[in-house]
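Chemist: heads up, no residue letters with this:
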């Protein structure tokens with residue numbers, strides 16, 4: 001039973017990393033290259049959006065045109081300038097040309113890309129974040145080349161919310177957009193209106209993409225997490241890699257929110273008004289694939305504008321579980337832990353994250369020491385169950401001769417064999433599964449931690465002792481080796497006093513070696529937890545091993561008192 005358990009554990013771990021082994025990552029960018037050979041999408045216009053029915057009916061006229069004003073004196077376009085919005089959390093920079101977001105620096109977070117130090121700046125050059133267009137039936141009025149006049153040349157948000165108002169004019173058409181920024185949140189609100197068009201209703205299209213700026217040391221994992229996530233009933237994810245270059249994916253709304261995400265950061269448009277979602281639909285367009293993993297995709301989001309008015313909120317910041325959970329609408333589920341195991345892994349992972357954060361804040365310990373303490377506590381909590389499991393395994397070993405005799409006697413009668421086996425178990429008070437099930441309880445914790453360390457921003461860039469980052473592999477491979485040795489020690493103790501078995505002896509060496517190799521490229525935080533958990537189980541294994549040896553007469557019995 002123990003051998004089958006170890007084999008099952010190994011197979012489950014192989015399933016977790018199998019995609020990585022089948023689809024190896026592309027080469028890392030060369031030092032000094034901050035954007036890894038990525039070209040900009042050639043799409044410059046606004047593709048035809050399929051409006052999936054916003055919550056407010058819109059009936060645009062068949063033909064719409066901007067009402068021209070008397071011809072002004074010929075003048076050139078106004079020079080492009082930039083407006084900065086700063087708080088203690090962020091520094092956003094908007095262009096007056098099209099109101100495009102050209103920079104978004106999140107001050108609490110660092111960039112770990114090669115040759116890129118300082119706070120994390122998410123927006124690359126030539127991005128299209130927050131380019132607007134007005135859509136009336138089959139007519140589109142792009143605003144990307146409009147010049148907007150801001151109410152201030154800069155804005156500093158300190159104790160209270162601050163506002164910027166932007167006004168753009170073209171002929172008699174006027175577009176006004178008001179942004180409200182908050183000092184202690186990564187959320188800002190947008191309200192807009194347009195007048196001077198032949199129609200006072202239509203759609204507003206907001207463009208996002210084609211990617212975030214590369215700020216991670218491990219660009220491969222970042223690229224794999226690039227996705228568009230929408231929330232109607234439950235969050236639905238469209239990964240960049242699922243889109244061929246130029247392929248258009250129409251995402252049918254209405255949505256509560258639409259997010260553009262990387263591994264750790266996200267930009268989400270949220271629009272809930274009177275309890276109803278007001279994002280009509282979205283369109284994702286695949287960008288070029290310079291390697292195995294897609295790095296670019298464009299996203300257009302449509303909003304109804306009845307009476308020429310529209311509004312939405314923006315979250316531009318980290319994927320912090322508790323911060324997103326406080327915002328509601330399942331925004332914390334933008335990052336799906338667990339792949340196909342998500343229904344099981346997700347609740348365990350969320351619970352573990354909350355425990356680790358609570359321990360970090362309450363005990364004022366670094367996350368490395370929190371993991372050490374957590375590994376010990378898990379073993380202490382499971383001590384009674386493990387004790388029962390180990391003694392059940394001992395009982396099974398004690399009746400092995402009787403089991404073999406029954407199997408030999410009734411090998412031609414499977415039904416009678418099963419009855420006699422159950423009778424034998426009942427006579428000796430043995431549960432055949434009692435030695436396995438309690439030992440499987442830590443496995444969901446281990447699997448959940450695999451995803452927690454891979455995708456939880458709280459562990460990003462956190463050092464511990466010689467480890468530069470708990471979310472990345474140990475560069476010296478010390479922790480995975482310690483983990484493998486601790487697993488060997490636990491397995492060795494588990495076989496003390498057990499009848500010799502060639503298969504068990506092979507597993508004693510094979511499993512620790514195999515798992516050590518698998519864990520080489522896993523997050524060092526995961527290896528740290530598993531190593532501590534194994535080491536913390538050694539005393540219990542040693543006590544049970546001595547108990548087995550005493551029962552076999554190989555150790556003197558303990559003296560009473």
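Modeler: Yep, it's here. Quantities reported herein were computed from a predicted structural model and do not represent experimental measurements.

Chemist: tell me the pLDDT at residue 533?
Modeler: With respect to pLDDT, residue 533 has a value of 88.

Chemist: Sorry, wrong one. I was asking about residue 35.
Modeler: 40.

Chemist: do the same with residue 514
Modeler: At residue 514, pLDDT is 85.

Chemist: can you check residue 370 too?
Modeler: pLDDT, residue 370: 92.

Chemist: Check residue 175 too.
Modeler: pLDDT, read off for residue 175, is 92.

Chemist: pretty sure it is touching residue 149, no?
Modeler: No: using Cβ atoms under 8 Å, residue 175 is not in contact with residue 149; the gap is 11.0 Å. (Each C-beta comes from the backbone N, C-alpha and C, glycine too.)

Chemist: what is in contact with those two at once?
Modeler: Counting by Cβ atoms under 8 Å, 6 or more residues apart in numbering, the common neighbours of residue 175 and residue 149 are 167, 168.

Chemist: higher neighbour count, these two?
Modeler: Just comparing residue 175 and residue 149: by other Cβ atoms under 10 Å the higher neighbour count belongs to residue 175, 24 against 11.

Chemist: Just say helix, strand or coil for the more buried one.
Modeler: Classification of residue 175 using DSSP: H, G, I helix; E, B strand; the rest coil returns strand.

Chemist: ok, it - contacts?
Modeler: Residue 175 neighbours (Cβ under 8 Å, 6+ apart): 132, 134, 143, 146, 148, 167, 168, 169, 192, 193, 194.

Chemist: Give me the three-state assignment for the fifth one.
Modeler: Three-state assignment for residue 148 (three-state DSSP): strand.

Chemist: In the sheet, which residues pair with it? Tell me.
Modeler: Beta-bridge partners for residue 148, by DSSP bridges, are residue 168.

Chemist: Going along the chain, name the helices of the protein.
Modeler: For the chain, the helices defined by DSSP state H occupy 2-22, 219-224, 321-327, 342-363, 367-398, 400-409, 414-428, 437-440, 442-455, 478-494, 502-519, 524-551.

Chemist: between those helices, which gets nearest to residue 153?
Modeler: Ranking the helices of the chain by proximity to residue 153 (Cβ to Cβ) places helix 321-327 first, at 30.6 Å.

Chemist: neighbours around the nearest residue to residue 496 once chain neighbours are set aside, how many?
Modeler: Once flanking residues are discounted, residue 496 sits nearest to residue 545: 3.9 Å by Cβ to Cβ, 6 or more residues apart in numbering. Residue 545 has 19 neighbouring residues, counting by other Cβ under 10 Å.

Chemist: do the same with residue 212
Modeler: Residues near residue 212, counting by other Cβ under 10 Å: 26.

Chemist: Same question for residue 118.
Modeler: So residue 118, with other Cβ under 10 Å, has 10 neighbours.

Chemist: That one contacts residue 110, doesn't it?
Modeler: Yes: applying Cβ under 8 Å, one finds residue 118 in contact with residue 110, separated by 7.1 Å.

Chemist: Tell me how the protein divides into domains.
Modeler: Residue ranges for the domains of the chain, per automatic domain parsing: 82-335, 350-551.

Chemist: low-scoring stretches of the stretch 301-450 of the chain, by residue?
Modeler: 336-342, 389-400, 428-442 (pLDDT under 70).

Chemist: ok so, going back, name the stretch among the domains of the chain that sits most buried.
Modeler: domain 82-335 (a mean of 19; mean count of other Cβ atoms under 10 Å).

Chemist: so how far is that one off the chain centroid?
Modeler: 19 Å (Cα atoms, centre = their mean, to the nearest Å).

Chemist: ok, and what's touching stretch 457-464?
Modeler: So stretch 457-464 is contacted by 109-110, 112, 264-265, 318-321, 353, 356-357, 366-369, 371, 452-453, 469-471, 523-525, 528 (Cβ under 8 Å, 6+ apart).

Chemist: Among the contacts of residue 175, which one lies nearest to residue 328?
Modeler: residue 192 (23.7 Å).

Chemist: can you tell me which residues contact the closest residue to the closest one other than its chain neighbours?
Modeler: Excluding its sequence neighbours, the residue lying closest to residue 192 (Cβ to Cβ, 6+ apart) is residue 177, at 4.4 Å. Residues near residue 177 by Cβ under 8 Å, 6+ apart: 99, 132, 148, 165, 166, 168, 190, 191, 192.

Chemist: could the contacts of residue 175 be laid out in TSV, adding distance to residue 517 and pLDDT?
Modeler: As requested, these are exported to TSV (distance: Cβ to Cβ, whole Å; pLDDT from 0 to 100):
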residue	distance to residue 517	pLDDT
132	52	92
134	57	89
143	55	91
146	57	92
148	57	94
167	62	94
168	59	91
169	65	90
192	56	89
193	61	89
194	61	88
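
Chemist: Can you tell me which of these is nearest residue 490?
Modeler: residue 132 (60.5 Å).

Chemist: With the flanking residues excluded, which residue is spatially nearest to the closest one?
Modeler: The nearest residue in space to residue 132 (Cβ to Cβ, 6+ apart) is residue 143, at 4.2 Å.

Chemist: Could you measure from the residue nearest to residue 482 when sequence neighbours are not counted over to residue 315?
Modeler: Computed as Cβ to Cβ, 6+ apart, the closest residue to residue 482 that is not its neighbour in sequence is residue 531, at 4.8 Å. The gap separating residue 531 from residue 315 is 37 Å, by Cβ to Cβ, to the nearest Å.

Chemist: same deal with residue 257?
Modeler: Counting by Cβ to Cβ, the gap from residue 257 to residue 315 is 8 Å.

Chemist: hang on, isn't residue 193 packed against residue 168?
Modeler: No: the pair residue 193 / residue 168 is not scored as a contact, 11.5 Å apart, by Cβ under 8 Å.

Chemist: okay, and the common contacts of the two?
Modeler: Applying Cβ under 8 Å, 6+ apart, one finds that residue 193 and residue 168 are jointly contacted by 175, 176.

Chemist: Residue 522 touches residue 449, doesn't it?
Modeler: No: at 9.6 Å, residue 522 does not count as touching residue 449 under the criterion of Cβ under 8 Å.

Chemist: Need the overlap of contacts for residue 257 and residue 315.
Modeler: 268, 270, 331.
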